[in-house]
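Engineer: whatever this is, show me its structure:
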Amino acid sequence: MENLLALDRQLFFAINHLPHSFAVDWLALFLSGVGTAGIVWIIIGVLLFLREETKHHRFFISFLGVLGMSWVFVEQILKWVVARPRPSVDMGAYVVDTGAMWYSFPSSHAALSWAFVVVLSHYEPKYRSVYIVLAILISLSRIYLGVHYPIDVLVGAILGFIIGKMSLLVTPYFMPPVKKSKKSKRRR
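Structural biologist: Residues are numbered from 1 along each chain as shown. Modelled structure (predicted):
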């Protein structure tokens, strides 16, 4: 375990101590900000839903599942059970985002991002690569800004993936399948 934590710390410093400029810090803060509470994912989901409303009747059930499960499991249980302190200036971290509160492990930004990647990719697979790139950037921004260790982000991403899959699995139990009308069958 000591070796894993030492590697985690080395990787943290490698990412966190990349050159910091106003533009890169601003971009990282922007990515981290839109990742807060899944804001960017909710906006993408609403836009996709509005564009193809009739196609996705179960869409928001999965979305609510992701938000609820992530908040309860990551924010209310795991962070408090593990209680890992965030990186600090005292340990040599370059902390740009001073607004991060509570504990570090796991990253709720990563958990939400990767949970939404799973759900959005299920309903709109043609944009999967865009979702993945955005989730990677949001996740890495948390390390770069000095508020999470790489293991926090990695475990958050894995949990998010699992939460996304679970949300998709339970969605049918909350909303029965939509029956197709006779008119839609005739059009084909």
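Engineer: please count neighbours and contacts with C-alpha atoms only from this point.
Structural biologist: Noted.
Engineer: what is the least confident helix or strand in this protein?
Structural biologist: helix 182-187 (a mean of 52; mean pLDDT, DSSP states H and E).
Engineer: ok, residue 108 to residue 135 distance?
Structural biologist: Here residue 108 is placed at a distance of 12 Å from residue 135 (CA to CA, to the nearest Å).
Engineer: now do residue 97
Structural biologist: Taken as CA to CA, the span from residue 97 to residue 135 is 18 Å.
Engineer: more neighbours, the two?
Structural biologist: It is residue 135, of residue 97 and residue 135, that has more neighbours when counted by other CA atoms under 10 Å, with 25 against 17.
Engineer: who are the contact partners of the more buried one?
Structural biologist: 110, 113, 114, 117 (CA atoms under 8 Å, 6 or more residues apart in numbering).
Engineer: low-confidence stretches in the protein?
Structural biologist: The chain contains residues with pLDDT under 70 at 52-58, 98, 172-188.
Engineer: enumerate every residue touching the residue positioned nearest the centre of it.
Structural biologist: Centroid-nearest residue in the chain, with CA atoms, centre = their mean: residue 113, separated by 1.7 Å. Taking CA under 8 Å, 6+ apart as the criterion, residue 113 is in contact with 35, 38, 41, 135, 138, 139, 157, 160.
Engineer: look up phi and psi at residue 148.
Structural biologist: Phi and psi for residue 148, reported as degrees, to the nearest 10, are phi -140, psi 150.
Engineer: what's the neighbour count on it?
Structural biologist: With other CA under 10 Å as criterion, residue 148 counts 29.
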